[in-house]
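> no sequence on this one, just coordinates:
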Ligand SMILES: O=C(O)Cc1cc(O)ccc1O
Ligand SMILES: [Fe+2]
């Protein structure tokens, strides 16, 4: 991917009102839809919220493009064996803790772009009810060249785990490597280029768009700071030639051919934008006295539900950080949780499961399913000298949802399920001395 060597420009700030033009004079000034847009462009409004959504939740962008999006072909169904939508497309599974081994990216004999490579692992909610989410593993060895994807069912949070990606969107281009994330809003056309075998975790969020969590007593700074989120600058794809556009709509994929690139926006302004974020910029808060705090302090982004504090989905990270708590069992406690927890490991070791949870692997601890450190982690942490200790070179994450996750047939029968997972607690014997 030679283009990946080009350094891209970004604009900074979560939810900012950006204005950007790839050609000087393309962006109308003082109004959104002049009688004639400069340079022969068409004006188009993309609304990411209801027109009447409260101002602080209102998201929309005006784009000025060579042809409006409506100039396209009719759509026909595109079958996909592995991309599942909503709880109804999961399979019955016992309330066990579950874990999956990393699934290898297929070799070149099985070409797989970002669309082909989607393997849904867990689903909940209902895309038509704008509630819930899916967690996908995406295995990619090909760039989407003249192929684009637009998802009307939800926004897409891309978490690269192996290999770097270049995400071309209607609003511009973003690069991301493991440790960084890209958020593509619902309905924005995009394609993903790779430069080798690439594995990603993806949250497809059918619910309220991700936003920064409230900070409460933490104050006005910390966790993910707004300025570290980067939006692209306007960029339109040069050249001519047709495109296949794939639209996800009500759980189905549909495809059409069109004679021109959908990446034809010359200028835009607004606050509905793709974003990228480097988790290295996350300002981590932790205990500087005693006890292991709730993992909500690691929330990067939250998709609220209609019950305050009870998220449709929280995106939570476990990044490098110092552990200093005194007289404390420092890893996570044993627990059962109303919220359901899907986890992945981008790199390094996770302190509650130092050996068994591998980079590229996944785990699921559903509503009220007991879990916690494995026996080895328990022994180690119960006896470790409590000096300040840096958990370094590590990045785990969690998609945490109020809705129970339902694994897919791929998750249960695709060969990656770790049948021995529950054994990792078997050695936690009864040490009670009466
Ligand atoms: O279960 C897990 O590993 C995730 C998790 C981490 C933590 O520090 C506290 C609670 C929790 O669910
Ligand atoms: Fe947990």
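Alright, I've got the coordinates. None of the values given here were measured: they were computed from a predicted structure. Ligands and ions are numbered 1, 2, ... in the order given.
> please count neighbours and contacts with C-alpha atoms only from this point.
Fine.
> look at the residue of the chain found nearest ligand 1 and report its pLDDT.
Nearest to ligand 1 in the chain, going by CA to the nearest ligand atom, is residue 332, at a distance of 4.3 Å. Looking at residue 332, its pLDDT stands at 98.
> quick check: residues of the stretch 1-150 of the chain near ligand 1?
Contact residues (CA under 6 Å from any ligand atom) of the stretch 1-150 of the chain with ligand 1: there are none.
> any low-confidence regions in the stretch 1-150 of the chain?
1-5 (pLDDT under 70).
> now do the strands in it.
10-12, 18-21, 42-47, 60-65, 76-77, 98-100, 118-123, 133-140, 147-151 (DSSP state E, counting those that start in this stretch).
> also the stretch 151-300 of the chain?
For the stretch 151-300 of the chain, the strands defined by DSSP E, counting those that start in this stretch cover 155-162, 165-169, 172-176, 180-184, 190-194, 198-205, 229-232, 243-249, 252-258, 265-270, 275-278, 299-303.
> and for residue 24, the neighbour number?
Neighbourhood size, residue 24 [other CA atoms under 10 Å]: 11.
> mind checking how far it is from residue 234?
The spacing between residue 24 and residue 234, counted by CA to CA, to the nearest Å, is 11 Å.
> same list (the strands of the stretch 151-300 of the chain) but as a markdown table, adding distance to ligand 1.
As requested, the strands of the stretch 151-300 of the chain are exported to a markdown table (distance: least, CA to the nearest ligand atom, whole Å):
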| stretch | distance to ligand 1 |
| --- | --- |
| strand 155-162 | 18 |
| strand 165-169 | 27 |
| strand 172-176 | 25 |
| strand 180-184 | 20 |
| strand 190-194 | 30 |
| strand 198-205 | 17 |
| strand 229-232 | 25 |
| strand 243-249 | 31 |
| strand 252-258 | 32 |
| strand 265-270 | 36 |
| strand 275-278 | 21 |
| strand 299-303 | 11 |
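> is it possible to export those to a markdown table including mean pLDDT and mean neighbour count?
Compiled in a markdown table, the strands of the stretch 151-300 of the chain are given as follows (pLDDT from 0 to 100; neighbours: other CA atoms under 10 Å):
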| stretch | mean pLDDT | mean neighbour count |
| --- | --- | --- |
| strand 155-162 | 98 | 24 |
| strand 165-169 | 98 | 24 |
| strand 172-176 | 98 | 23 |
| strand 180-184 | 98 | 22 |
| strand 190-194 | 98 | 23 |
| strand 198-205 | 98 | 26 |
| strand 229-232 | 98 | 25 |
| strand 243-249 | 98 | 21 |
| strand 252-258 | 98 | 18 |
| strand 265-270 | 98 | 26 |
| strand 275-278 | 98 | 22 |
| strand 299-303 | 98 | 22 |
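> right, and the ones you listed - which one's nearest residue 8?
Nearest to residue 8, of all the strands of the stretch 151-300 of the chain, is strand 172-176, at 7.1 Å by CA to CA.
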